[in-house]
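> turn this into a model:
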Amino acid sequence: MATIYLNKQNFFSNLDKISKINPNILAVIKDNAYGHGIFSISKLLREYGIRKVCVRNIDEANLVREFEEILIFNPPTNRGAINFSYAINSLTQLKKNRHPYIHLKIDTGFRRNGILEEELDEALEIIKEKEFELRGVFSHFCCADEFGCDTFIQYDKFLQIKEKIEKFCKEYNIKCPYFHIANSAALSKLPDTLDFVRPGIAMYGGIEGYKPVMSLVADVVSTRELDSKEGCGYNKTFMSEKKIKISTIDVGYADGIPYFTHGCKLKETEALGKISMDYMIVKGEHKKVVVFDDIKEFVKNFNTITYDILVKMSPRIKRKIVESNNGYSIKQPDKINT
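As a prediction, the model looks like this:
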């Protein structure tokens with residue numbers, strides 16, 4: 001059975017690097033912790049000392065209730081647990097909301113969701129009138145992974161809004177919220193990351209400068225010889241030019257691997273022909289196969305981004321925390337006929 005190994009050493013190294021920028025971390029573990037497994041990653045975060053996390057919805061929040069604060073990006077309107085904070089994504093949602101603990105999201109230029117600048121005064125009046133506890137205020141960058149001025153335009157707008165909210169809180173003797181806007185790509189770009197940072201993909205090593213956390217290791221189902229001018233797999237899109245050995249491993253596109261028709265590069269070998277739903281055929285004789293141990297390298301096979309592959313890793317695949325890549329060993333046969 002295929003296994004996903006989570007490198008604790010690399011995960012903590014990434015958190016160390018982020019902590020040097022800002023030790024106040026609001027860790028994003030939405031969508032099954034970017035495919036890494038929300039239970040496994042939550043365990044590591046608690047061990048490291050992280051107290052606040054972000055999740056996608058109420059179902060994920062209920063899985064990790066032990067954190068001090070859980071920010072729910074897409075919450076319901078009814079009341080929830082005292083350590084749940086609801087992200088307010090629109091004025092309409094704010095008016096319907098019945099949960100007392102909130103984070104106000106501000107649309108500073110993404111144009112996806114959030115309170116508009118011209119709606120801010122009305123939103124603050126509603127918060128005061130309904131006596132909501134405004135725990136946080138945040139925004140999200142649209143272009144932080146690119147060079148350009150958009151990030152700093154959004155940042156400056158957020159600082160202006162921050163000043164306005166702080167003034168409002170002081171005037172009405174309301175506890176001032178904490179502010180967060182720095183996502184993974186913006187961590188090293190901003191002159192000040194404010195009260196908290198909100199890393200996601202950086203924690204998991206899916207962008208440059210951070211160490212990969214996930215490795216996918218597959219078991220071999222069968223091994224056989226392929227004759228010269230013989231094909232394998234659906235539609236035989238791979239035809240061998242010589243006699244070789246091939247192995248079938250137990251992962252396919254049903255497990256989250258992107259679909260391919262003419263093979264792809266793996267860690268130490270290559271997949272051949274078309275990927276199947278539950279299997280792929282690889283070159284050589286193996287006992288186990290490392291499909292990838294650095295998502296930044298594996299993604300080069302496909303026209304997509306690291307997030308897209310990571311979040312689609314099937315929850316059926318067992319997750320196992322190891323101290324480092326040395327936590328699993330893959331001993332191959334002494335001779336591999338390729």
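
> and the lengthiest helix in the chain, C-alpha only, in CSV?
If you go by DSSP state H, the chain has its longest helix at helix 150-171. Taking C-alpha atoms only, helix 150-171 is exported to CSV below (Å, rounded to 0.1, in the frame of the first residue of the first chain):
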residue,chain,number,x,y,z
ASP,A,150,-0.2,45.2,-6.7
THR,A,151,1.0,43.8,-3.4
PHE,A,152,2.2,47.1,-2.1
ILE,A,153,-1.0,48.9,-3.2
GLN,A,154,-3.0,46.4,-1.3
TYR,A,155,-0.7,46.6,1.7
ASP,A,156,-0.9,50.4,1.9
LYS,A,157,-4.7,50.2,1.6
PHE,A,158,-4.8,47.7,4.4
LEU,A,159,-2.6,49.9,6.6
GLN,A,160,-5.1,52.8,6.1
ILE,A,161,-8.0,50.6,7.0
LYS,A,162,-6.1,49.3,10.1
GLU,A,163,-5.6,52.9,11.3
LYS,A,164,-9.3,53.6,10.8
ILE,A,165,-10.4,50.5,12.7
GLU,A,166,-7.9,51.2,15.6
LYS,A,167,-9.4,54.7,15.8
PHE,A,168,-12.9,53.4,15.9
CYS,A,169,-12.0,50.9,18.6
LYS,A,170,-10.4,53.5,20.8
GLU,A,171,-13.3,55.9,20.4
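
> residues of it that come out buried?
By neighbour count on 16 or more other C-beta atoms under 10 Å, the buried set for helix 150-171 is 150-151, 154-155, 157-159, 161-162, 165, 168-169. The C-beta positions use only the backbone N, C-alpha and C, and glycine is treated the same way.

> pLDDT averaged over stretch 293-312 - what is it?
Confidence over stretch 293-312 (mean pLDDT, whole number) is 98.

> give me the buried stretch members for that stretch, please.
For stretch 293-312, using 16+ other C-beta under 10 Å, the buried residues are 293-295, 298-299, 301, 306-307, 309-310, 312.

> which stretches of the stretch 1-150 of the chain form strands?
Assigned by DSSP state E, counting those that start in this stretch, the strands in the stretch 1-150 of the chain fall at 3-7, 26-28, 52-55, 69-72, 84-88, 101-105, 133-138.

> ok, which of those comes nearest residue 218?
Closest of those to residue 218 is strand 3-7, at 8.2 Å (criterion: C-beta to C-beta).

> just checking, what packs against the closest one?
The helices and strands touching strand 3-7, judged by 3 or more C-beta pairs under 8 Å, 6 or more residues apart in numbering; DSSP states H and E, are helix 38-48, strand 214-226, strand 318-322.

> could I get the ones you listed as a markdown table with mean neighbour count?
Below are those laid out as a markdown table (neighbours: other C-beta atoms under 10 Å):
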| stretch | mean neighbour count |
| --- | --- |
| helix 38-48 | 18 |
| strand 214-226 | 18 |
| strand 318-322 | 16 |
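
> can I get the ones you listed in TSV with mean pLDDT and distance to residue 240?
Compiled in TSV, the helices and strands packed on strand 3-7 are given as follows (pLDDT from 0 to 100; distance: least, C-beta to C-beta, whole Å):
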stretch	mean pLDDT	distance to residue 240
helix 38-48	98	40
strand 214-226	98	5
strand 318-322	97	33
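
> so which of those comes closest to residue 26?
Set against residue 26 and scored by C-beta to C-beta, the helices and strands packed on strand 3-7 come closest in helix 38-48, at 10.9 Å.

> coming back round to it: redo the helices and strands packed on strand 3-7 as a markdown table? Include distance to residue 74.
What follows is the helices and strands packed on strand 3-7, written out as a markdown table (distance: least, C-beta to C-beta, whole Å):
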| stretch | distance to residue 74 |
| --- | --- |
| helix 38-48 | 15 |
| strand 214-226 | 25 |
| strand 318-322 | 24 |
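
> between these, which one is closest to residue 114.
helix 38-48 (25.0 Å).

> for this protein, which segments count as helices?
So, for the chain - with DSSP H - the helices run 8-21, 30-34, 38-48, 58-63, 91-96, 120-130, 150-171, 295-298, 306-310.

> packing partners for the longest one?
The contact analysis (3+ C-beta pairs under 8 Å, 6+ apart) places helix 150-171 against helix 120-130, strand 133-138, strand 178-182.

> so what touches the second one?
Applying C-beta atoms under 8 Å, 6 or more residues apart in numbering, the set of residues contacting strand 133-138 from outside is 69, 71, 85, 87, 100-106, 127, 161-162, 165, 169, 174-175, 177-181, 196, 198.

> over to the first one?
Taking C-beta under 8 Å, 6+ apart as the criterion, the residues outside helix 120-130 that touch it are 88, 91, 94-95, 102, 104, 106, 115, 132, 134, 161, 164-165, 168, 172, 174.

> lovely, talk soon.
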